[in-house]
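K.L.:
Sharing a sequence plus its predicted fold:
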Amino acid sequence: MKSWYLIQTKPKSEELARENLERQGYDAYLPLIMGRAKKRGKTIKSIQPMFPRYLFIHLSDQTDDWGPIRSTLGVSALVRFGMTPAIVPENIINSLKNNENTQGIHELPSRLLSPGDKLLIVEGPFEGYEATLFSQNSDDRVIVLLKIAESCVKVKLEQSLIEPIG
C-alpha cells in the first residue's frame, strides 16, 4: 500500500527536485501558492511553493526503490522521525489537491484588515513608512492615513503594497 511521505529539498530547489523525482518515475506533489517577491526593488506576484523546502512523494514501502531518492538532484533528505520516515495522512494531501484552482495553484484568502490597523508600506514612494488603515474601497485598494509633517494625509494604495504590523 502506498503512503505519502515528506521530502526536504535544498534551498529554492523544490521544483527541480519534483521534476527529477518524476523523471525517475516517482509520484511527487508540490503545492503552489500565488505569493509576493521582491525583484529589483519592486514587489511582484509570483508562484511559490506553499511549504518552502518541502514536497510530498507517494511511495510503497513494499515495492518502490527508495535508494535513489536522497541522491536526486534538488533533494536534501527524506524527513524522518527517528528512523521512521514521516508519513503524511492521505486526507491532508487530498485536501490540498481539492483546494487548488484550475492552474494547480492555491489562492490564499486576502488579509482581513480593519480600520485602525497599523500597517507598514513595503513598496513605492512611501516605502518604510508606518500608516493606519482608514478604509478599504475594494479587495485591491485601501486608503491609509500617513502622518507627514505633523498632519495626517489620506493616501490611496494597492493592498499589495502594505503589510500589517504585529
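P.N.:
Thanks, I have it.

K.L.:
can you give me phi and psi for L113?
P.N.:
Phi and psi for L113, reported as degrees, to the nearest 10, are phi -120, psi 150.

K.L.:
I meant I93, not that one.
P.N.:
Residue torsions, per degrees, to the nearest 10, at I93 are phi -60, psi -40.

K.L.:
Can you give me the domain boundaries for the chain?
P.N.:
Here the domain parsing of the chain from automatic domain parsing is 2-106, 118-164.

K.L.:
Can you tell me which of those is nearest to L112?
P.N.:
Comparing those by their distance to L112 (CB to CB), the top pick is domain 118-164, with 9.3 Å. No exception for glycine: its C-beta is placed from N, CA and C like everyone else's.

K.L.:
distance between the closest one and the chain's centre?
P.N.:
For domain 118-164, the separation from the chain centroid amounts to 24 Å (computed by CA atoms, centre = their mean, to the nearest Å).

K.L.:
Below-threshold pLDDT in the chain: ranges please.
P.N.:
Along the chain, segments meeting pLDDT under 70 span 41-43, 108-111, 138-139, 166.

K.L.:
In contact with the residue positioned nearest the centre of it: list those residues for me.
P.N.:
For the chain, the residue nearest the mean C-alpha position is M50 (3.5 Å; CA atoms, centre = their mean). By CB atoms under 8 Å, 6 or more residues apart in numbering, the contact list for M50 reads P31, L32, I33, L96, H106.

K.L.:
can the residues you listed go into CSV with extra columns for neighbour count, secondary structure and distance to K10?
P.N.:
Listed next are the contacts of M50 as CSV, based on neighbours: other CB atoms under 10 Å; DSSP: H, G, I helix; E, B strand; the rest coil; distance: CB to CB, whole Å:
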residue, neighbour count, secondary structure, distance to K10
P31, 19, coil, 18
L32, 16, strand, 18
I33, 15, strand, 20
L96, 16, helix, 22
H106, 14, strand, 23
